[in-house]
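Participant: Starting from these lines, generate the structure:
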Amino acid sequence: MQALTPAVGLSFDHAFAYGQVQGRRPMVMLELAGVDNAGRLLGSVANTPVLVDSGADTTMLNAGIALNLGLDLAAMPTEPVYGVGGGTQAMRHRILARLCSKWVVLPVLFEVGRNINLLGRDGAFDELRLGFLHSQSIVVANLHP
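Facilitator: A predicted model of the protein is given here:
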């Protein structure tokens, strides 16, 4: 484990205040779209709240969102997932998500009955620089150059 190094100056061009969310959790609205292999939009574009979760490997969404995006849950491979609350089965797929005004491919796991949608590291954190100004209840972000 390495010690912290001196700070690097960063600037951010997107910010979202989350102080109005119960418990000051970093919840942001995320725009999502389902597409086929040819890149054609399958269903409607959905806006959904997600918790920005640096501890989650993969983005996890309620299975109902897949239906709104025009995706077929029965055609998706299932896999076990484990977290603090135990284990469950989820369906894996790739969708599009608008992050800082850019559409990016995002691997997701759809789970039946999921209460809180999570924006995990895979895909999203690869595209973004994120910062938390928790004392001000703000998430700041920009795309990697």
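
Participant: Nearest residue to the middle of this structure?
Facilitator: The centroid of the chain falls nearest to Leu119 when counting by CA atoms, centre = their mean (2.4 Å).

Participant: The closest residue to that one other than its chain neighbours: what's it in contact with?
Facilitator: Nearest residue to Leu119 in three dimensions, chain neighbours excluded: Val50, at 4.2 Å (CB to CB, 6 or more residues apart in numbering). Yep, even glycine has a C-beta here, placed from its N, CA and C like the rest. Val50 makes contacts with 27-30, 59, 61, 117-119, as judged by CB atoms under 8 Å, 6 or more residues apart in numbering.

Participant: Export those as a markdown table, with columns for pLDDT and secondary structure.
Facilitator: Below are those laid out as a markdown table (pLDDT from 0 to 100; DSSP: H, G, I helix; E, B strand; the rest coil):
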| residue | pLDDT | secondary structure |
| --- | --- | --- |
| Met27 | 89 | strand |
| Val28 | 88 | strand |
| Met29 | 90 | strand |
| Leu30 | 93 | strand |
| Thr59 | 97 | strand |
| Leu61 | 97 | strand |
| Asn117 | 96 | coil |
| Leu118 | 95 | strand |
| Leu119 | 96 | strand |
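
Participant: Just among those residues, which is most surrounded?
Facilitator: In terms of neighbours by other CB atoms under 10 Å, the contacts of Val50 top out with Leu119 at 29 neighbours.

Participant: Now do the strands in the protein.
Facilitator: Here the chain has its strands, by DSSP state E, at 14-17, 27-33, 46-52, 59-62, 78-83, 86-99, 102-111, 118-119, 128-133, 138-143.

Participant: okay, those strands, which one's buried deepest?
Facilitator: Highest mean neighbour count of the strands of the chain: strand 118-119, a mean of 24 (counted as mean count of other CB atoms under 10 Å).

Participant: Now do that strand: distance to the chain's middle.
Facilitator: The chain centroid and the centroid of strand 118-119 are separated by 4 Å under CA atoms, centre = their mean, to the nearest Å.

Participant: Fine, thanks again, bye for now.
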